[in-house]
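Peer 1: sharing a sequence plus its predicted fold:
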Amino acid sequence: MHWLELTVKVHPDAVESVSELMSRYSSEGVVIEEPIELIEDGQAYRVREGEPVTVHAYVPMDGTEEEARQRISEGLWHFASIGAHFVGNLETKSVNEEDWANAWKEHFHVTQIGKRIIIRPSWREYTPKDEEVVITLDPGMAFGTGLHPTTRLCLEQVEQHTRPGMHVLDVGTGSGILALAAAKLGAEHVYAIDNSSVAVESATENAALNGQSERIEVVLGTLDEETAQRMAGQYDLVLANIIAHIIGSIAPQLAQVLAPDGLLIASGIIEARRQDAEAPLLEAGLELVEQRMIEDWMVLVLRKRRS
């Protein structure tokens, strides 16, 4: 089997839109390659803020790849014609099965987020220092490597707000990185939910890889009204690293599952779309207690008021 690799460089603020476009035609998801500078003899890295981000997608060469390439190319042209953010030219190349299976690994390195959290790709070695919490991650093709500003913002807040014994809900868990952080920081139980079978498989494997299968329960599904009613008031901490309008659309459910004085960490929010998420959350009975930004991305921390 051969695969067609489709690659485009884009402005950081266009990553979300371009990734969503490309994932429509790639059943295996996309790989987001941040511009990085290796440090500590290549064992760690820092992100070069503001520089173009590279997005890769892979489609099987089974006779449908040309249509997928054309559709993606047309979509990128429309993004570029709007002119809001830089979108480069689409590049393609053929890769064989073995190269495809390992191509994305070269983009992931050991990194520190917050004061204590270390993200270690499963194929790289790292010796932890005192107090560090090491998450061994095999992201596969699911989003959530710790590189994107929204994930970094969430991890910092998870580190700050997780307490031993907490019950945590992770909505849109992706690779399971936030669920893993909460579990390793002392949460008693984490219920991780995602509507993607690829993400559920990745998160389940990563929970096992970190010895957290007993604490983390990964489920295929959505936080709909029926699910929220069943889980009403059960969670001390809820994590939602999705996108603004989706957060806004499930704001009542996010509020419903929180225990009194429980916290919601909401991210995936670009500044221009803040009100799409924040206004419905406030209307649902939550109050804003903290906010942070990296570039144009933000995380909101909200508390459920007691009745």
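Peer 2: Perfect, thanks for sending it.
Peer 1: can you name the residues that contact residue 204?
Peer 2: Taking CB atoms under 8 Å, 6 or more residues apart in numbering, we find residue 204 in contact with 176, 213, 218. C-beta here means a position set from N, CA and C on the backbone, and glycine is covered the same way.
Peer 1: and the strands in the stretch 1-150 of the chain, which stretches?
Peer 2: Secondary structure of the stretch 1-150 of the chain (DSSP state E, counting those that start in this stretch): strands located at 2-10, 30-33, 36-39, 44-47, 53-60, 91-96, 111-113, 117-121, 133-137.
Peer 1: returning to what we had before: ok, and the most crowded of the contacts of residue 204?
Peer 2: The most crowded member of those, judged by other CB atoms under 10 Å, is residue 176 (32 neighbours).
Peer 1: please name the nearest non-neighbouring residue to that residue.
Peer 2: The spatially closest residue to residue 176, leaving aside those adjacent along the chain, is residue 203, at 3.1 Å (CB to CB, 6 or more residues apart in numbering).
Peer 1: sketch out the helices for the protein, chain order is fine.
Peer 2: 15-23, 65-82, 97-103, 149-161, 177-184, 197-209, 225-230, 244-249, 251-257, 274-283 (DSSP state H).
Peer 1: quickly compare those and say which is most buried.
Peer 2: Scoring the helices of the chain by mean neighbour count under mean count of other CB atoms under 10 Å gives helix 177-184 as the most buried, with a mean of 29.
Peer 1: could you list the low-pLDDT ranges of this protein?
Peer 2: 1, 28-29, 38-46, 83-84, 97-104, 106-107, 139-147, 307 (pLDDT under 70).
Peer 1: got the domain ranges for it?
Peer 2: 2-107, 141-304 (automatic domain parsing).
Peer 1: in CSV: the ones you listed, plus distance to residue 116.
Peer 2: Converted to CSV, these look like this (distance: least, CB to CB, whole Å):
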stretch, distance to residue 116
domain 2-107, 15
domain 141-304, 6
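Peer 1: test my guess that residue 298 contacts residue 288.
Peer 2: No - the pair residue 298 / residue 288 is not scored as a contact, 11.2 Å apart, by CB atoms under 8 Å.
Peer 1: those two: which has the busier surroundings?
Peer 2: residue 298 (23 against 14).
Peer 1: got a list of what that one touches?
Peer 2: Residue 298 touches 153, 267, 269, 270, 271, 274, 291, 292, counting by CB under 8 Å, 6+ apart.
Peer 1: of those residues, closest to residue 130?
Peer 2: Each of the contacts of residue 298 was checked against residue 130 using CB to CB; the closest is residue 153, at 25.3 Å.
Peer 1: tell me how many other residues surround residue 290.
Peer 2: When neighbours are defined as other CB under 10 Å, residue 290 has 14 of them.
Peer 1: report the contact partners of it.
Peer 2: The neighbours of residue 290, taking CB under 8 Å, 6+ apart as the test, are 157, 300, 301.
Peer 1: quick check: buried residues in stretch 157-176?
Peer 2: Neighbour-count burial for stretch 157-176 flags 157-159, 161-162, 166-176 (criterion: 16 or more other CB atoms under 10 Å).
Peer 1: closest to residue 183 out of the residues you listed?
Peer 2: Nearest to residue 183 among those: residue 168, at 7.9 Å, using CB to CB.
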